[in-house]
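*Asks:* Here is a sequence with its predicted model. Questions after.
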There are 2 protein chains.
Amino acid sequence: MSVENFLTTAKKPELKSDKETCTSPLFSELKPAEHAEFLATAQRFHREKGELIYREGMPAEGIYLICSGKVKLVGQTPDRRKTYILEILGPGELLGEEAFFANIEYNVDARAMEATELCFFERADFLSLLHRHHSVTLKILEKLSREIKALQMALVEIVYEGAEGRLARALLKLGRKYGIREGQSRVIDLGLSRIELAEFLGLRPETTSRILSRWRAQGILMVQGRRLIILDEDCLVKFARPPRKWAS
Amino acid sequence: MSVENFLTTAKKPELKSDKETCTSPLFSELKPAEHAEFLATAQRFHREKGELIYREGMPAEGIYLICSGKVKLVGQTPDRRKTYILEILGPGELLGEEAFFANIEYNVDARAMEATELCFFERADFLSLLHRHHSVTLKILEKLSREIKALQMALVEIVYEGAEGRLARALLKLGRKYGIREGQSRVIDLGLSRIELAEFLGLRPETTSRILSRWRAQGILMVQGRRLIILDEDCLVKFARPPRKWAS
DNA sequence: CTCTGGACATGATGATCATCATAACATACA
DNA sequence: TGTATGTTATGATGATCATCATGTCCAGAG
C-alpha cells in the first residue's frame, strides 16, 4: 500500500458515528433501558463546520442534544448590523430549549463551529419523556435556572466591566470549559477568528486585537493565530474584576 | 430576628390580607379545590417599602409568589462598589425561582418597593405540587424559557446600544408593564429615584438625568419628580434602536 | 513568481459616557 | 427660622472604546 493511499483511507472511515453514545447529565437517573428507549426516538444528523442548525425565526418543533462537536448561538440586532455570540455549546448540552419550552420561534441562529453530531427529538417524544420521568424535568428546571443566573451575571458584567475585564472573563470561561491543560498553561483552540472572538465579547475586533497584543507583550498569554495559550491565569483573574480605575 | 422584631412591633395588624386572592397564570389549570389546597401550604408575609425579602448569599429554602406590591431584584458587583437593579417584579410573579430550582444561594437581594404581600412555599410543598401537577411544571418551564429569551435579547441589544437606547427601552418596558394610560400619554410612577433608575439602566445618575432633561426639552416626556409621563412613545421606539451613529 | 484577497495588527481621531465639581431645590428637624 | 441632609440638574474634564485608515503577513489563483 502506498503512503498516499494510506493517508487518504485513514482520514475517511467515519461511519460509526451512529453507534456513539449520546447522553447528558440530564439523563443520569434514567435506567439504561429507559435511556436507550428514549434515544431510539431521536433523529440523528450531522453538520459540517459553519453549517446552520436552526435559524432565528424558525418555529421550534423539537429539541436538540449535542452528541459531539461545538455549536455557537448567534444573535443579531434587529437591524442585522451587529452580531453577538451568546453562547458556545458542547457535547451533552441541550440546544434550542428556550424556544422549545416556550413554544415560540428561535430568537437566535445555531451554527456548527466544527463537524458536529446531533440528536433531534420531536416535541411529542420529548414531552412524553418529561411526563414519564420527573427527574429529567427537575434537572432541566435546574439547568434553565442556572442559565438564567449566568445570563443575569453576564448582563451585569457587560454593563459594568471594561474591555479587558470582558476578555479576561471570556478566556477564563472558555479555558475552563474547552481548554486543555498543558503544564502550567491552558490551551484554547476553538478556531475562533478575531471577529468571532470580538462578537463573543461585544467588542470590536480592533479592540480585541489590541488587548491580546498587550497581554502577549506582558507574557500573560501566547497567541498562535487562532490558538490562544494562557500562561498566567491568576493575572487574568485579576483583570476580570477591575475596580474600573487603576488597572496597570 | 428582624422578622420577630417586625412582627412584635407590627404597626397595623392587617389580618384581612390572608383573604385576598393570590394566584398566578402559572396555576391557571388547577381546579379550584387543588388551588386552594396548594395555597393552604403557603406562609403569608408582608413587607413594607424598602424591607428585605431575601438577601444575596442566603440558601433558597423555598419559593415566593408575589400577591400584591412590587419587588426589585438588586445585585452588586463582587467588590460591592456598584449596584444594579436586575428586574422589577409585580403581582402574580414568582420570586427566587432560579435559586430555588438550582438549589443554590440567591445571587441578588430582593427588596420590596412598596407595601407588598407575599406567599412563601417550602421546598417540599412546592416540589410536591410540581410532582402532582405536570401542567404547572410545564408552565414554569415555559416561563423560565421566556425569561431566558428576554435576557438573551437584552444582552444582544444592550451590548451595542448607547445610553439613550437603554433608557428608551427601559421606559417602554416599564410603561407597558406598570404604566397607566392617560389619553395619548402613559404615566410611570414607581417611585424610582434617579439613582435607582440609573441602577436599572446600568448608567450613572448624571447621565440619566441629562437624557431626561433633553427629552423633556424635546417634548418627548414630562418629568414630575419621580413621576415620568411619556408623551411621544413612538419617538422612544426610534431611540430604542439607534444604529449608534446618527441620533439627532 | 506575482497578484490578490482576507485576516490580523496598529496608529490616529472622535463620540460617548463616567467622573468630579457645583449649584439649585426640597424636606426634615431642632 | 435656620441648619442639615438628600435629591436633582448641569458644567467641565478625562478615560475608554468605536471608527477610520493604513500596513503587514499569508494563502491561494493565475
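*Replies:* The structure has been received and is ready for your questions.
*Asks:* Every contact and neighbour count from this point should use C-alpha atoms.
*Replies:* Noted.
*Asks:* Give me every residue in chain A lying close to DNA strand C.
*Replies:* A:192-195, A:206-207, A:209-210, A:212-213, A:223, A:225-226, A:244-245 (CA under 7 Å from any atom of the strand).
*Asks:* Just the buried residues of those.
*Replies:* A:Leu192, A:Arg194, A:Ile195, A:Leu212 (16 or more other CA atoms under 10 Å in any protein chain shown).
*Asks:* Reformat these as CSV; add secondary structure and distance to chain B.
*Replies:* What follows is these, written out as CSV (DSSP: H, G, I helix; E, B strand; the rest coil; distance: CA to the nearest CA, whole Å):
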residue, secondary structure, distance to chain B
A:Leu192, coil, 19
A:Arg194, helix, 18
A:Ile195, helix, 15
A:Leu212, helix, 20
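*Asks:* Looking at the residues you listed, which one is closest to B:Leu30?
*Replies:* Using CA to CA, A:Leu192 comes nearest to B:Leu30 of these, at 49.1 Å.
*Asks:* And that closest one, its phi and psi?
*Replies:* As for A:Leu192, its main-chain torsions (degrees, to the nearest 10) stand at phi -70, psi 130.
*Asks:* if I read this right, it contacts A:Gly225, doesn't it?
*Replies:* No - between A:Leu192 and A:Gly225 there is no contact under CA atoms under 8 Å: 9.5 Å.
*Asks:* which neighbours do these two share?
*Replies:* With contacts taken as CA atoms under 8 Å, 6 or more residues apart in numbering or on different chains, not a single residue reaches both A:Leu192 and A:Gly225.
*Asks:* before we move on, back to that, want to throw the buried ones among the residues of chain A next to DNA strand C into a markdown table with distance to B:Arg123 and pLDDT?
*Replies:* Listed next are those as a markdown table, based on distance: CA to CA, whole Å; pLDDT from 0 to 100:
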| residue | distance to B:Arg123 | pLDDT |
| --- | --- | --- |
| A:Leu192 | 43 | 97 |
| A:Arg194 | 46 | 97 |
| A:Ile195 | 45 | 97 |
| A:Leu212 | 47 | 98 |
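*Asks:* Quickly check: stretch A:162-174 near DNA strand D or not.
*Replies:* Yes - using CA under 7 Å from any atom of the strand, stretch A:162-174 reaches DNA strand D at A:Gly162, A:Ala163, A:Glu164.
*Asks:* buried set for that stretch?
*Replies:* Those would be A:Gly162, A:Ala163, A:Glu164, A:Gly165, A:Arg166, A:Leu167, A:Ala168, A:Arg169, A:Ala170, A:Leu171, A:Leu172, A:Leu174, for stretch A:162-174 by 16+ other CA under 10 Å.
*Asks:* Return the subset of the residues you listed lying in helices.
*Replies:* Within the buried residues of stretch A:162-174, residues falling in helices by DSSP state H are A:Ala163, A:Glu164, A:Gly165, A:Arg166, A:Leu167, A:Ala168, A:Arg169, A:Ala170, A:Leu171, A:Leu172, A:Leu174.
*Asks:* Let's have those in TSV, adding distance to A:Gln43 and pLDDT.
*Replies:* Listed next are those as TSV, based on distance: CA to CA, whole Å; pLDDT from 0 to 100:
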residue	distance to A:Gln43	pLDDT
A:Ala163	42	96
A:Glu164	42	97
A:Gly165	41	96
A:Arg166	38	96
A:Leu167	37	98
A:Ala168	39	97
A:Arg169	36	96
A:Ala170	33	97
A:Leu171	34	98
A:Leu172	35	97
A:Leu174	29	97
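*Asks:* Spell out which parts of chain A neighbour chain B.
*Replies:* Taking CA under 8 Å from any CA of the partner chain as the criterion, the neighbours of chain B within chain A are A:75-77, A:79, A:81-84, A:86, A:97-99, A:101-103, A:107, A:131, A:134, A:138, A:141-149, A:151-152, A:154-156, A:158-160, A:202, A:243.
*Asks:* and the gap between the residue nearest to A:Arg146 when sequence neighbours are not counted and B:Pro59?
*Replies:* Closest residue to A:Arg146 apart from its sequence neighbours, by CA to CA, 6 or more residues apart in numbering or on different chains: B:Ala102 at 6.2 Å. Note on B:Ala102: its distance to B:Pro59, by CA to CA, to the nearest Å, is 11 Å.
*Asks:* Those two: who's more crowded?
*Replies:* Legend: neighbour count by other CA atoms under 10 Å in any protein chain shown for B:Ala102 and B:Pro59, higher for B:Ala102 (21 against 15).
*Asks:* what's the average pLDDT for the host helix or strand of A:Lys139?
*Replies:* According to DSSP states H and E, A:Lys139 maps onto helix A:134-160. For helix A:134-160, mean pLDDT is 94.
*Asks:* try stretch A:59-78
*Replies:* 95.
*Asks:* Tell me, how many residues neighbour A:Pro205?
*Replies:* 16.
*Asks:* ok, it to B:Gly202 distance?
*Replies:* For A:Pro205, the distance to B:Gly202 equals 24 Å [CA to CA].
*Asks:* Same check on A:Glu157?
*Replies:* Using CA to CA, we find A:Glu157 at a distance of 10 Å from B:Gly202.
*Asks:* The two: which is more packed in?
*Replies:* Set side by side, A:Glu157 and B:Gly202 show more neighbours around B:Gly202, with 25 against 18, by other CA under 10 Å.
*Asks:* Give me the below-cutoff pLDDT ranges for chain A.
*Replies:* A:1-20, A:242-248 (pLDDT under 70).
*Asks:* again, only using 80
*Replies:* Counting by pLDDT under 80, chain A has low-confidence residues at A:1-21, A:241-248.
*Asks:* So which residues of it form strands?
*Replies:* Secondary structure of chain A by DSSP state E: the strands cover A:43-47, A:52-54, A:62-68, A:71-76, A:83-89, A:94-95, A:109-112, A:116-122, A:180-182, A:185-188, A:221-224, A:227-230.
*Asks:* which one of those lies closest to B:Phe126?
*Replies:* Distance to B:Phe126, taken as CA to CA, is lowest for strand A:94-95 among those, at 25.6 Å.
*Asks:* Show residues contacting the closest one.
*Replies:* Here strand A:94-95 makes contact (CA under 8 Å, 6+ apart) with A:Ile63, A:Tyr64, A:Leu65, A:Ile66, A:Leu89.
*Asks:* hmm, 7 Å instead?
*Replies:* The contact list for strand A:94-95, computed with CA atoms under 7 Å, 6 or more residues apart in numbering or on different chains, reads A:Ile63, A:Tyr64, A:Leu65, A:Ile66.
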